[in-house]
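Asker: I need the structure of the sequence given here:
(2 chains)
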Amino acid sequence: MKTGRFWAWVVFVLGAAYFFIPLIATVEFSMRMRRGAYSFDAYQIVLGDARFQATFMYSVFAAIFTIILGILIVVPAAYWIRLRLPQLRPIVEFITLLPLVIPAIVIVFGYIRMYGSNSPLPFLANDTATNALLVIGYATLSLPYMYRAVDTGLRTIDVRTLTEAAQILGAGWGTIISRVILPNVLIAVLSGAFLTFAIVIGEFTMASLLNRPAFGPYLQNIGANRAYEPAALAIIAFAITWGCMSLIQILSRFAPKSANRPN
Amino acid sequence: MAEPFLSIQHVRKSFGATTVVEDFNLDVEPGEFVSFLGPSGCGKTTVLRMVAGFEEPSAGKIVVGGKDITRLKPNQRNVGMVFQAYALFPNLTVAQNIAFGLKVAGMPKADADRRVAEMLDIIKLPQMGDRYPYQLSGGQQQRIALARAIAPKPKLLLLDEPLSALDAKVRISLREEIRSIQKKLGITTIFVTHDQEEALSISDRIAVMYGGKAEQVGTPFEIYNRPATKFVANFVGTLNVLEGKVTDAASGKVQVNTQEVSLKGRLNGSRSGDTLSLALRPEAISLGRQPGHDTSLSGEIAEVHFLGSVIRVRVGIGGNTVSLDTFNNSATPPPVVGQKADISFSSGDMLVLH
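Answerer: Sure thing, here's the model as predicted:
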């Protein structure tokens, strides 16, 4: 028993070292901008850079729109599949997994061919339409995470009986989704939303090839031209992602405790 | 008979090639409490779901209060329903759950609050309004589900095996409470159950269902004492079935083992030489020859089960075994297995099964 515990600790320490040493090294390097002393100069430069603020805010807005679009598509779809079309579930699961298999660059080239300035639908000639295309592309990339999160949330409640209970009390579909289903899967939706946020904030390929002023291309640009700032940016991006993950954990504690269990 | 409040007319329901409900007919009077009783898969829940609007009949008509509701959506029917799995909304408090239907109907908040308080009083849980469903026991959750169903004053109340998920003690107290609330409000109610004791104890009438059809519709007394079919007789209560042969159809003589029983006027067209299934409830049979009993059979004690206040004795008679109940009397020792014994009964208590 004691030997088992010893080896468990060894594995844990090795895993933690594998994870933390590069992180600590990056933090340490990012603070060495001032010769002979540790400082936050690199962070100050990065955070004070107008391009950082502009690209970061652009990506934040893109993430918000992506989350809204994802919720509007995924929640009704996953709900309807659970309620009425369970036989379609394997097909839909397969479709939602495709963005993990098909590289983002394929989607972007598809966009450029379909919506380029010489095509019959020249969306890429217009900034707003290009932004919309980027958000749609992001929604596709986040589909595997959003769908799984929502579907897992729906699995914890008795969707059919709750729907019927609401229906018999006079509720229509809008009321059922907004007042019964969505509140009960809200934590799952938020999990999907934060994962989407984390993906969008760091995404490079789509934003770069569609020539959008997003945070991902900015990260790449700084990384190619500076020494200490990219390390600081990496730590900032890491903190944002971890912040999102922590929020998922915190919010999951407030999940409504289900009194309904499917029979 | 008053005008039926609920009329289910020639309803059939098929799922693909499988027909689960076949030509189902039932009229329910206003304020009546009718139970659908039957084994799993007999179609009782499907009929209830068609009345609720969750399933559309393949044929037939459902009329409530003179209005054909067959094609109406569930949210247009003004019907209340209590589900087996409670189906309380986990994200809402008890008060919000009860107020859900009122809010959907657009009732002003002050009126809805008053109605919620009234409902909580009716189900005797006045202090529970702020609790969440997960903080309540199964019995309490089901009472809240009942309050939620009746709060919008539905025309019809549907109860889909509401007691099956509860333990025995709570089940008995809650069924009495459901019946008393139903009587108090005078609401027409359909109750689905597979538990015969439940159906017998609280219903005005029972529809015993089998294979998608109503085998018999009648009062609990009729269903128990005058079962119309062999299935009803077997499904409701314990029954002894004896094979008999009609010896003289004109005078109603039937031979059971070596003895003759008179069933005059109850042979329903059977002819001499026909074989009949005859049934007797255990409580209709006495051990030994009793005054007032016109028929007796001789046999041997096969089994004795001591059940506390009652002793169930199984007596072998020819090729048949007959169960009978005798009250436990501390002054009299119970019968002994292997002992010769006579049983007696009134031929009037014998049921002819078709």
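Asker: and the stretch 101-250 of chain B, which of its residues are near chain A?
Answerer: With C-beta under 8 Å from any C-beta of the partner chain as the criterion, the stretch 101-250 of chain B comes near chain A at residues B:101, B:104-105, B:132-134, B:136, B:141, B:148-149, B:152. Placement of C-beta: from N, CA and C, glycine included.
Asker: and with 7 Å instead?
Answerer: Residues of the stretch 101-250 of chain B lying close to chain A by C-beta under 7 Å from any C-beta of the partner chain are B:101, B:104-105, B:132-134, B:141, B:152.
Asker: which of these sit farthest apart?
Answerer: B:A105 and B:Y134 (26.7 Å; C-beta to C-beta).
Asker: re earlier: pull out the buried residues from the residues of the stretch 101-250 of chain B next to chain A.
Answerer: Among these, those classed as buried by neighbour count (16 or more other C-beta atoms under 10 Å in any protein chain shown) are B:101, B:104, B:132-133, B:141, B:152.
Asker: okay, the residue nearest to the spatial centre of chain B and A:V46: tell me how far apart.
Answerer: Closest to where the C-alpha atoms of chain B average out (C-alpha atoms, centre = their mean) is B:A199, at 3.0 Å. B:A199 sits 75 Å away from A:V46, going by C-beta to C-beta, to the nearest Å.
Asker: A:P76 now?
Answerer: As judged by C-beta to C-beta, A:P76 and A:V46 stand 40 Å apart.
Asker: the two: which is more packed in?
Answerer: A:V46 (25 against 15; other C-beta atoms under 10 Å in any protein chain shown).
Asker: list the contacts of that one.
Answerer: A:52, A:229, A:232-233, A:236 (C-beta atoms under 7 Å, 6 or more residues apart in numbering or on different chains).
Asker: can you show me the helices along the stretch 101-250 of chain A?
Answerer: For the stretch 101-250 of chain A, the helices defined by DSSP state H, counting those that start in this stretch cover A:104-115, A:127-155, A:159-168, A:173-175, A:182-184, A:186-202, A:205-209, A:215-225, A:228-252.
Asker: quick one: is the fifth one near chain B?
Answerer: Yes - using C-beta under 7 Å from any C-beta, helix A:182-184 reaches chain B at A:183-184.
Asker: let me know the pLDDT of A:I201.
Answerer: Looking at A:I201, its pLDDT is 87.
Asker: how about B:Y224?
Answerer: At B:Y224, pLDDT is 88.
Asker: coming back round to it: of the buried ones among the residues of the stretch 101-250 of chain B next to chain A, which belong to helices?
Answerer: Among those, DSSP state H puts B:101, B:104, B:141 in helices.
Asker: let's have these in a markdown table, adding pLDDT.
Answerer: Converted to a markdown table, those look like this (pLDDT from 0 to 100):
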| residue | pLDDT |
| --- | --- |
| B:G101 | 92 |
| B:V104 | 91 |
| B:Q141 | 91 |
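Asker: need the contact list for the closest residue to A:L100 other than its chain neighbours.
Answerer: Nearest residue to A:L100, sequence neighbours excluded (C-beta to C-beta, 6 or more residues apart in numbering or on different chains): A:P144, at 5.4 Å. Going by C-beta under 7 Å, 6+ apart, A:P144 touches A:96-97, A:99-100.
Asker: tell me where the model's unsure across chain B.
Answerer: Within chain B, the ranges that satisfy pLDDT under 70 run B:1-2, B:354.
Asker: if we use 50, what do you get?
Answerer: Of all residues in chain B, none has pLDDT under 50.
Asker: just the CA atoms of stretch B:73-86, as CSV, please.
Answerer: Provided in CSV are the C-alpha atoms of stretch B:73-86 (Å, rounded to 0.1, in the frame of the first residue of the first chain):
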residue,chain,number,x,y,z
LYS,B,73,-51.8,20.2,-28.8
PRO,B,74,-51.1,19.3,-25.1
ASN,B,75,-50.7,23.0,-24.2
GLN,B,76,-54.2,23.8,-25.6
ARG,B,77,-56.1,21.2,-23.7
ASN,B,78,-56.4,22.6,-20.2
VAL,B,79,-55.5,19.2,-18.7
GLY,B,80,-53.4,18.6,-15.6
MET,B,81,-51.0,15.7,-15.3
VAL,B,82,-48.9,14.1,-12.6
PHE,B,83,-46.0,12.0,-13.8
GLN,B,84,-44.4,8.9,-12.3
ALA,B,85,-41.0,10.6,-12.1
TYR,B,86,-42.5,13.8,-10.5
